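Visitor: Next input, structure requested:
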Amino acid sequence: MDRADVHRQVAALHAAHIDQGFLATLGVPFLTLLYRAIDEGDDSVLLVEERGGEVAGFVSGGLGMGPIYKRMLRSPVRLGWALLPSLFRPGRVCRIIDILRYGRRDPVRAGMPQAELLSIVVAPGARGGGVADMLYRRLVGHFAQRGVEAFRITVGDALAPAHRFYARMGATPAGRVEVHAGHGSTAYVHAILSPDTAGKR
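Guide: Predicted structure coming up:
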């Protein structure tokens with residue numbers, strides 16, 4: 001598949017199925033730019049499962065959101081057009097600032113790994129076939145090959161199935177975080193043993 005098409009399909013899946021998150025409210029054009037920046041970065045990765053010419057699922061990860069947002073700023077015109085509808089809604093502007101502030105924090109100071117699972121989605125038609133497990137293990141393998149010893153995952157309190165999934169995959173709760181005021185989340189950490197064993201967890 002053409003990578004531009006992959007980015008659009010991934011963005012659409014994010015918007016439709018991570019709809020409790022704030023980023024989805026910024027629209028598919030913004031998310032397309034976001035995943036393009038993730039895919040093109042040396043410090044981030046977008047792993048995709050394709051079936052029949054369509055994206056059946058994806059997982060993304062990286063060393064925090066700060067470098068990704070900086071990469072997006074290299075396309076200011078596209079980014080401005082993508083965010084234009086949100087700029088007329090003060091509440092959204094405040095939350096955009098919250099996200100940028102959160103992305104610039106140094107997670108190491110809080111005792112958390114710098115590496116992070118950013119998002120994972122499986123299309124409805126591909127669920128129940130182990131796609132999520134496979135994508136998660138591919139991300140573990142990716143981090144292991146780069147010498148990453150552990151990565152974090154931030155999961156909103158209301159996402160009970162996600163909590164069960166990450167626990168089953170070997171991540172353990174490591175603390176509480178609050179990206180937006182009044183919206184709590186649990187931070188999980190997945191420890192990676194070695195490149196040889198990481199993909200077998």
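Visitor: ok, which stretches of this structure are helices?
Guide: 3-17, 28-40, 66-72, 76-87, 90-104, 131-145, 160-168, 195-198 (DSSP state H).
Visitor: can you tell which of these is closest to Leu47?
Guide: With CB to CB as the measure, helix 131-145 is the member of these nearest Leu47 (5.0 Å). Just so you know, the C-beta spots here come from the backbone N, C-alpha and C atoms, and that holds for glycine as well.
Visitor: excluding its backbone neighbours, what's nearest Ala174?
Guide: Spatial nearest neighbour of Ala174, chain neighbours left out: Val189 (4.3 Å); criterion: CB to CB, 6 or more residues apart in numbering.
Visitor: thought the one you found was touching Met112?
Guide: Yes: contact between Val189 and Met112 holds when scored by CB atoms under 8 Å: they sit 7.0 Å apart.
Visitor: Quick one, grab the pLDDT at the most centrally placed residue in the chain.
Guide: The residue lying closest to the centre of the chain (CA atoms, centre = their mean) is Leu118, at 2.0 Å. Note on Leu118: pLDDT of 94.
Visitor: Next one: the residue nearest to it when sequence neighbours are not counted relative to Trp81, how far apart?
Guide: Once flanking residues are discounted, Leu118 sits nearest to Ser60: 4.4 Å by CB to CB, 6+ apart. Distance from Ser60 to Trp81, counting by CB to CB, to the nearest Å: 23 Å.
Visitor: Return the residues in contact with the nearest residue to Ala132 once chain neighbours are set aside.
Guide: Setting aside the residues directly before and after it, Ala132 is nearest to Val122 in space (CB to CB, 6+ apart), at 5.0 Å. Counting by CB atoms under 8 Å, 6 or more residues apart in numbering, Val122 touches 56-57, 131-132, 135.
Visitor: Which members of the residues you listed are the farthest-apart pair?
Guide: Farthest apart among the contacts of Val122 by CB to CB are Ala56 and Ala132. That separation is 10.4 Å.
Visitor: before we move on, back to that, quickly list what the residue nearest to Ala132 is bridged to.
Guide: Counting by DSSP bridges, Val122 forms beta bridges with Gly57.
Visitor: re the thing from before, residues near the residue nearest to Leu118, how many?
Guide: Counted with other CB atoms under 10 Å, residues neighbouring Ser60 total 24.
Visitor: Please tell me how far it sits from Leu193.
Guide: 23 Å.
Visitor: Once you drop chain neighbours, what's closest to Glu54?
Guide: Glu54 sits nearest to Gln9 (CB to CB, 6+ apart), 6.8 Å away.
Visitor: Just the pLDDT for the closest residue to Leu13 other than its chain neighbours.
Guide: Of all residues not flanking Leu13 in the chain, Val121 sits nearest, at 4.7 Å (CB to CB, 6+ apart). pLDDT recorded at Val121 is 97.
Visitor: you'd agree Val121 is up against Ala12?
Guide: No: here Val121 lies out of contact with Ala12, judged by CB under 8 Å, at a distance of 9.9 Å.
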